[in-house]
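> No letters, just coordinates:
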């Protein structure tokens, strides 16, 4: 199982709830699609029992501090981050603008994005698009994350 979240916006209570859930489900990876806001929010993820891959969001101004908070246990980069995990190719970005242009000649199996604060799962052009919604819950009043089964590409949106 792969845990996916985005737009946590410093909500430590919800981040810790997500960490507990991801650990209970024995996630092999957690993906964060940006907008941590402050480095202390990243440190709340350090209790995960698996690696974290993340990208910066538009509200992540303290990039050096965020990168330092990830040292030794996770990875954060500018969007778009490409990698392979459990034989599936991923592209992680924050903003949902122009996602189709990111497909390229060799499109990934899965594109993870955030920014809109609305959960969305769709399949287009043979690519699975996942927006887990907002983990922080500040804008929509609902904190959500996504769980991805890399074997069958099923996705479940869960409320924290």
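Looks like it came in fine. A quick note: this is a predicted structure, and the numbers were derived from the prediction, not measured. Residues are numbered from 1 along each chain as shown.
> name the element residue 130 belongs to?
Element membership for residue 130, per DSSP states H and E: strand 127-132.
> hang on, residue 108 packs against residue 80?
No. Under the criterion of CB atoms under 8 Å, residue 108 makes no contact with residue 80, lying 9.4 Å away. In this view, the C-beta of every residue, glycine as well, is placed from N, C-alpha and C.
> Mind listing the shared neighbours of those two?
Counting by CB atoms under 8 Å, 6 or more residues apart in numbering, the shared contacts of residue 108 and residue 80 are residue 91.
> Show me what the biggest helix by length in the chain is packed against.
The helix spanning the most residues in the chain, taking DSSP state H as the definition, is helix 12-24. Counting contacts by 3 or more CB pairs under 8 Å, 6 or more residues apart in numbering; DSSP states H and E, helix 12-24 packs against strand 2-5, helix 39-43.
> Partner strands of the very next helix or strand once past it, with direction?
Sequence order places strand 29-32 as the next helix or strand after helix 12-24, per DSSP H and E. In the sheet, strand 29-32 lines up against strand 2-5 (parallel), strand 52-55 (parallel) (DSSP bridges).
> Return the set of buried residues in the next helix or strand after the last one.
Spelled out, that is strand 52-55. Next along the chain after strand 52-55, taking DSSP H and E as the criterion, comes helix 63-70. Counting neighbours by 16 or more other CB atoms under 10 Å, one finds that the buried residues in helix 63-70 are 66-67, 69-70.
> What about the closest residue to residue 86 other than its chain neighbours, how many residues nearby?
In space, residue 86 comes closest to residue 150 once its chain neighbours are excluded; the distance is 4.3 Å by CB to CB, 6 or more residues apart in numbering. By the criterion of other CB atoms under 10 Å, residue 150 has 17 neighbours.
> Tell me which residue is most central in this structure.
Centroid-nearest residue in the chain: residue 32, 2.5 Å away (criterion: CA atoms, centre = their mean).
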